[in-house]
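**Q** The sequence isn't on hand, but the structure is:
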């Protein structure tokens, strides 16, 4: 692009002055144009903008690893290294691809001409890239003296920053404001900070130079969409990334520049700090408080310079000759190391391409290359060191590449395919994925060289597909490790009130979500944290539930209060304890109370989330159901308890009623033989009115032998004794074998050897035997009933012995004493050991 009479303008100013947007606008106003950028990422971003304006068929994108060049392309967005520049003999440009000149040309961030590593590229583009009609040089104001001295014909235009940038005091990580970017200068520190932000704030996006553009774009997009409020980055954010950042926090002010650790220059500080505040929105910058007095700190002079955008003007730029001599490799090296006649243009330090060239030139066979072969060698040395392995290791790959293409040949597709296939692996951690991405970028660069491969479009498509998969995998790995979307949502929700608060939903299966993120499960009134949550996050999720579930819990409490009795049930838990269940939720557990019939109701801790009045209402409702269901099944017990304290009832009846009520509704007759013997006719009639049966073997209430009554009586006895609920017989069972649970059987059955017989049936057999004896019948045994019950001979013998009969051949002989006539003293069962007392007496 010859200089001609092109209008050259230098647009100088700090970050956030709209220089890039101005360049896009000016280029689109011309018939053709080219802009060179410092980053592939920025070139891609602007490419998409221009495509939206001009259409994809008119816009080209050229970077080291990516090439989109429609046949009718008139506008080119590219990296500075890939910028089409006509003139000179550097074979790195795209001579023959585009017309000999563009109507418009621009180079962005031209002040990078002072960078030791890439500076010579920007200096060359600033001096040689020209548009036929207009040329823009975009950069910081530090470039002004260089423009005046090297390009005296250029018009200099100053652009003020749209917003104000101010210093803020050092801030701890946990107190950083939302929309903050934290800048660190090593991958290890970036990862550590991102991990801490995940715990404190729900996560952070991660941006580093080692990431692929696709991965960086995905991470930045996550930040821009507000999925996370924090971004941790290296100084890669200093250029080309336009984000809604309000505060930039420096985790350090020193960096390793490839040779040594040094303090950032003020322009570098300003370039990074300038990411805060966009357009008319002001921004702040400061340092990250690390505790103690050892944290990084800006000097007063640095703060003033950054706030006022006053920096030391550049006094030199790095330069390397574009007039290369390909006579032989030695001549090529000499031309690359040539010095400029202008004292403002310093010879660039040895870049990696020149370092690799010198290493390869130590081989006499390579040093003898001339002409076209020397050109191919220099082109091969231009392969970027994406893997950052250094000149020595990088030279090995360059040597192998040159061995294939040095004489005009092509890279074997078998080797190319195998190397790409080896990298096509989305498994592994962040570091492994990032390393594979760097590797595949080398092959993507190679695939852009039409003279290195036989079928470049095919391999370019292949490498881009692999890079895309690796980028997606790396983005997922970064997000999984450093972003907890649920915590981020909750952090944001903590400060919200009213309409700003995120909606809370409870799904039909009980899953609780705040906004789009599930936080746990609500079972009845019991909230459990999502089991996938990390241990450190569980307290936050519980706090969110406490704060946001009040309305839902109150709604459930009202439904419980209005629920019919049929919605409640008495259940046995896995540990054998007794509990009250509403629908499918445990609400209370029963414990020993003032008496057998009055167990204590202990509501579950989940109900503590309700207000005190609501808790009191729920307790009253549960107690009312317990009273109602208990009275429905064992109301006779309550009547006995009342009789025991009724002054109108005779002392003998009151004593028996008290003992029976305390024992759960059944007592062996022997245990109370003396009290029964003391009853008169009126007392016996009173007991009959209370539906109490004075059986031959047991004193019991027939209604309490029903299955529901058995269950309640066993439950009340178990609660009072502090023992687990026993295993009860099947409902309606007349007899049980020896495998029956004794604690469950004794509430309605009497044991005869290995057989248990229900007490009312044992009483029927006894009553029949006494009636037969009274009438003089020969056989006192009700053989039909015994047969229907399936009682074995041993059980029958024991039963008959209990009621006063002993076997005499095939008949039965009365031995002369009824069970209640024996004057054997027996202790009354103690209330606290009813099961044991009943079991002992029934086996005597």
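**A** Received it, and whenever you're ready, just let me know what you need. This is a predicted model, so every value here is computed, not measured.
**Q** What ranges does the stretch 451-600 of the chain have for its helices?
**A** Counting by DSSP state H, counting those that start in this stretch, the stretch 451-600 of the chain forms helices over residues 456-482, 485-494, 538-548, 550-562, given from the N-terminal end onward.
**Q** Quick one: mean pLDDT for the top strand by length along the chain?
**A** For the chain, the strand with the greatest residue count under DSSP state E is strand 585-595. In this model, strand 585-595 has a mean pLDDT of 92.
**Q** Kindly report the same for stretch 674-684.
**A** 87.
**Q** likewise stretch 9-20?
**A** For stretch 9-20, the mean pLDDT works out to 84.
**Q** end-to-end on that stretch?
**A** Start to finish, the residues bounding stretch 9-20 are 14 Å apart (C-alpha to C-alpha, to the nearest Å).
**Q** right, and the helices of the stretch 451-600 of the chain - which one's nearest residue 340?
**A** Proximity to residue 340 (C-beta to C-beta) singles out helix 456-482 among the helices of the stretch 451-600 of the chain, at 35.9 Å. Yep, even glycine has a C-beta here, placed from its N, CA and C like the rest.
**Q** how about TSV for the helices of the stretch 451-600 of the chain, with distance to residue 682, mean pLDDT and mean neighbour count added?
**A** TSV is the format used below for the helices of the stretch 451-600 of the chain (distance: least, C-beta to C-beta, whole Å; pLDDT from 0 to 100; neighbours: other C-beta atoms under 10 Å):
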stretch	distance to residue 682	mean pLDDT	mean neighbour count
helix 456-482	85	90	19
helix 485-494	74	61	20
helix 538-548	64	71	17
helix 550-562	47	89	15
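**Q** export the ones you listed to a markdown table and tack on distance to residue 307?
**A** Formatted as a markdown table, the entries for those read as follows, by distance: least, C-beta to C-beta, whole Å:
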| stretch | distance to residue 307 |
| --- | --- |
| helix 456-482 | 32 |
| helix 485-494 | 31 |
| helix 538-548 | 37 |
| helix 550-562 | 47 |
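**Q** returning to that earlier point: check which helices and strands the longest strand of the chain sits against.
**A** strand 578-582, strand 598-603, helix 612-644, helix 707-721 (3 or more C-beta pairs under 8 Å, 6 or more residues apart in numbering; DSSP states H and E).
**Q** how about 6 Å then?
**A** strand 578-582, strand 598-603 (3 or more C-beta pairs under 6 Å, 6 or more residues apart in numbering; DSSP states H and E).
**Q** Out of the helices of the stretch 451-600 of the chain, which gets nearest to residue 283?
**A** In this view, those are compared for proximity to residue 283 by C-beta to C-beta, and helix 485-494 is the closest at 20.8 Å.
**Q** For residue 745, give its distance to residue 539.
**A** Distance, residue 745 to residue 539, using C-beta to C-beta, to the nearest Å: 49 Å.
**Q** Residue 450 now?
**A** Computed as C-beta to C-beta, the residue 450 to residue 539 distance reads 60 Å.
**Q** one step back: of all the helices and strands packed on strand 585-595, which gets the most neighbours per residue?
**A** Each of the helices and strands packed on strand 585-595 was assessed for mean neighbour count using mean count of other C-beta atoms under 10 Å. The highest is strand 578-582, with a mean of 20.
**Q** and the angle for that one with helix 612-644?
**A** Orientation check (axes from the mean of the first three to the mean of the last three C-alpha atoms, to 10 degrees): strand 578-582 against helix 612-644 gives 130 degrees.
**Q** Strand 578-582: how far from the chain's middle?
**A** 34 Å (C-alpha atoms, centre = their mean, to the nearest Å).
**Q** So residue 134 versus residue 28, what's the distance?
**A** Computed with C-beta to C-beta, the distance linking residue 134 and residue 28 is 12 Å.
**Q** can you check residue 302 too?
**A** As judged by C-beta to C-beta, residue 302 and residue 28 stand 39 Å apart.
**Q** Between those two, tell me which one has more neighbours.
**A** Under the criterion of other C-beta atoms under 10 Å, the comparison of residue 302 against residue 28 puts residue 302 first, with 19 against 15.
**Q** before we move on, the earlier item: could you export the helices and strands packed on strand 585-595 as TSV, including distance to residue 683 and mean pLDDT?
**A** Supplementary listing: the helices and strands packed on strand 585-595 in TSV, determined by distance: least, C-beta to C-beta, whole Å; pLDDT from 0 to 100:
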stretch	distance to residue 683	mean pLDDT
strand 578-582	35	94
strand 598-603	27	93
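**Q** For residue 249, which of these is the nearest?
**A** In this view, the helices and strands packed on strand 585-595 are compared for proximity to residue 249 by C-beta to C-beta, and strand 598-603 is the closest at 48.6 Å.
**Q** Give me the helices and strands touching that closest one, please.
**A** With contacts defined as 3+ C-beta pairs under 6 Å, 6+ apart, the secondary structure elements packing on strand 598-603 are strand 585-595, helix 612-644.
**Q** Rebuild these as a markdown table, extending it with distance to residue 101 and mean neighbour count.
**A** As requested, the helices and strands packed on strand 598-603 are exported to a markdown table (distance: least, C-beta to C-beta, whole Å; neighbours: other C-beta atoms under 10 Å):
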| stretch | distance to residue 101 | mean neighbour count |
| --- | --- | --- |
| strand 585-595 | 80 | 17 |
| helix 612-644 | 82 | 17 |
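**Q** my guess is residue 589 contacts residue 602, does it?
**A** Yes. Here residue 589 lies in contact with residue 602, judged by C-beta atoms under 6 Å, at a distance of 5.1 Å.
**Q** pLDDT of stretch 692-709, averaged?
**A** When pLDDT is averaged along stretch 692-709, the result is 91.
**Q** Give me the distance from it to the chain's centre.
**A** 60 Å.
**Q** For residue 79, find the nearest of the helices of the stretch 451-600 of the chain.
**A** Ranked by C-beta to C-beta, the member of the helices of the stretch 451-600 of the chain that lies closest to residue 79 is helix 456-482, at 16.1 Å.
**Q** name the helices or strands packed onto the closest one?
**A** Secondary structure elements in contact with helix 456-482, counted by 3+ C-beta pairs under 6 Å, 6+ apart, are helix 213-224, helix 430-447.
**Q** Which elements pack onto the longest one?
**A** Using 3+ C-beta pairs under 6 Å, 6+ apart as the contact criterion, the neighbours of helix 430-447 among helices and strands are helix 413-423, helix 456-482.
**Q** same thing with the shortest one?
**A** Taking 3+ C-beta pairs under 6 Å, 6+ apart as contact, the helices and strands that helix 213-224 lies on are helix 40-54, strand 205-207, helix 456-482.
**Q** Can you tell me what sits against whatever helix or strand comes next after it?
**A** Tracing the chain past helix 213-224, the next element assigned as helix or strand by DSSP states H and E is strand 230-233. Under the contact criterion C-beta atoms under 6 Å, 6 or more residues apart in numbering, strand 230-233 has outside partners 180-183, 190, 193-194, 197, 201, 204-207, 223.
**Q** any idea which helix or strand comes after strand 230-233?
**A** Next along the chain after strand 230-233, taking DSSP H and E as the criterion, comes strand 247-250.
**Q** What residues of the helix or strand just after that following strand count as buried?
**A** On the C-terminal side of strand 247-250, the closest following helix or strand by DSSP H and E is strand 254-256. For strand 254-256, the buried set under the neighbour-count rule, 16 or more other C-beta atoms under 10 Å, comprises residue 255.
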